[in-house]
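Q: got a sequence here, can you model it:
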Amino acid sequence: MIPPLDMLPGGVLVTTLGREVRFANAFFRTDLGLDDTALVGAQIETLLTPASRVFYDTYLHPLLLNEGRCDEVQFNLISGSGTPVPVVACLRRADAPETLVFWCIMRADNRNKMYEELVKAQEDVNSHARRMQDLAATDSLTGMPNRREFERQARRDLRSADRAGHSIALLMIDIDHFKSFNDNHGHAAGDEVLRRFGATLMAVSRKGETVARLGGEEFACCLYDADQAGAAAFARRVHDSLRALVVEQRSVTVSIGITIRPAGGTRDLVALLKLADVALYAAKSAGRNCTMHHSDTGPTPCT
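A: From the prediction side, this is the model:
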């Protein structure tokens, strides 16, 4: 049976205060090329380089006598081939029933490698966490921000617009006749429509314009510092960009609803999206492939 202390990744040494080795685990054989059984009964000096012997005499031994411990000290041991091996050790003195010194030793080069591996592992964890955050914020089909990320960014823009005194435009977009497209051509073709429209929507968006897929065939946009004219111009870009989009020999069109939150208006994103949704359904009722704007008097065509 392998002694438990031989399973440790570092060295374990037990010496008397008079420097006689009482125990050495397998580390001295496997890592240093020494006969660990032959070490028992030897003096600690046989393991130390000349400079380390001086260090032991002038620093380690007095510290053990006075304080009973030494933490994170570095010195050199002599390997079986006679080469110095840098190590880091923690030493503890125990006084009963016999005064002994317990050495916990780790190769300094291994420790540096371990630190490098720990740093790399931390970087990998951080990278994985960033990927998970990206996945949590991204619609897997289109690669666009999802509903949760859209709401986060839209609320951030609402707060920023309040501080700057800007207006915000919110748009709800729905792909026309998407259910019939799925029914007639299958879900794979429907997914292709969603992907290609999502790519189109991201391509026409500019700085300060957040676009996202909320779910199904429903998309949303938040335009920072945009008034009705700016929102209408964005909607025209969307409609114009779809003229060349054909899937399964069918044209793709969308209906768009717009609401404008003026500077200092409500920050209730849910209420604002409901107003844009009312305008969206008005656009559908008006024959689809058009944009309606929500106003105090009700939805009106957006030209």
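Q: for the helix or strand encompassing M292, what is the average pLDDT?
A: Taking DSSP states H and E as the definition, M292 sits inside strand 291-293. The average pLDDT within strand 291-293 is 95.
Q: pLDDT of the helix or strand that that strand is followed by, averaged?
A: Downstream of strand 291-293, the first helix or strand assigned by DSSP H and E is strand 300-301. Mean pLDDT, computed over strand 300-301, is 81.
Q: I'd like to know which elements strand 300-301 is packed against.
A: strand 291-293 (3 or more CB pairs under 8 Å, 6 or more residues apart in numbering; DSSP states H and E). Placement of C-beta: from N, CA and C, glycine included.
Q: how distant is the host helix or strand of V193 from the center of its chain?
A: Take DSSP H and E as the rule and V193 turns out to sit in helix 187-204. Computed by CA atoms, centre = their mean, to the nearest Å, the chain-centroid distance of helix 187-204 equals 27 Å.
Q: what comes up buried for the helix or strand that that helix is followed by?
A: Going down the chain from helix 187-204, the next helix or strand is strand 209-215, by DSSP H and E. Judged by neighbour count (16 or more other CB atoms under 10 Å), strand 209-215 contains these buried residues: 209-214.
Q: pairing partners for strand 209-215, with directions?
A: Counting by DSSP bridges, the strands paired with strand 209-215 are strand 218-224 (antiparallel).
Q: averaged pLDDT, the helix or strand just after the strand it pairs with. What do you get?
A: Toward the C-terminal end, the helix or strand that comes next after strand 218-224 (DSSP H and E) is helix 228-241. Helix 228-241 carries an average pLDDT of 94.
Q: hmm, T37 and F28 touching each other?
A: No - with contacts counted by CB atoms under 8 Å, F28 stays clear of T37, the gap being 9.7 Å.
Q: so the two - more neighbours on which side?
A: F28 (24 against 10; other CB atoms under 10 Å).
Q: show me what contacts the more buried one?
A: F28 makes contact with 11, 13, 34, 36, 39, according to CB atoms under 8 Å, 6 or more residues apart in numbering.
Q: find the nearest non-adjacent residue to the last one, please.
A: Spatially, and ignoring its direct neighbours in sequence, L39 is nearest to A24 (4.4 Å; CB to CB, 6 or more residues apart in numbering).
Q: so A235 sits right up against I256, yeah?
A: Yes - using CB under 8 Å, A235 makes contact with I256 at a distance of 4.9 Å.
Q: now the common contact residues for these two.
A: With CB under 8 Å, 6+ apart as the test, A235 and I256 both reach 171, 291, 302.
Q: what about the last one, how many residues close to it?
A: Using other CB under 10 Å, the number of residues around C302 comes to 21.
Q: now it: how far from R236?
A: 9 Å (CB to CB, to the nearest Å).
Q: overlap in contacts of the two?
A: T291.
Q: just give me the neighbour total for the residue lying closest to M106 once chain neighbours are set aside.
A: Using CB to CB, 6+ apart and skipping the chain neighbours, the partner closest in space to M106 is G10 (4.1 Å). Residues lying near G10 (other CB under 10 Å) number 18.
Q: how about the contacts made by G10?
A: With the criterion set at CB under 8 Å, 6+ apart, G10 makes contact with 27, 104-107.
Q: tell me which two of those residues sit farthest apart.
A: C104 and R107 (12.2 Å; CB to CB).
Q: comparing these two, which residue is more hemmed in?
A: More neighbours surround R107 than the other of C104 and R107, with 20 against 14 (other CB under 10 Å).
Q: tally of neighbours for A229?
A: Around A229 there are 11 residues (other CB under 10 Å).
Q: now it: how far from I260?
A: 10 Å.
Q: quick one, phi/psi of the residue nearest to L17 when sequence neighbours are not counted?
A: Leaving aside its chain neighbours, L17 sits nearest to T99 (4.7 Å; criterion: CB to CB, 6+ apart). Dihedral pair for T99: phi -70, psi 120, per degrees, to the nearest 10.
Q: got the contact list for G33?
A: 79-81.
Q: kindly report the same for L269.
A: 151, 154-155, 158.
Q: what residues go with each domain of this protein?
A: Using automatic domain parsing, the domain parsing of the chain gives 4-111, 140-301.
Q: distance to K120 added to these, as a markdown table?
A: Formatted as a markdown table, the domains of the chain follow (distance: least, CB to CB, whole Å):
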| stretch | distance to K120 |
| --- | --- |
| domain 4-111 | 15 |
| domain 140-301 | 29 |
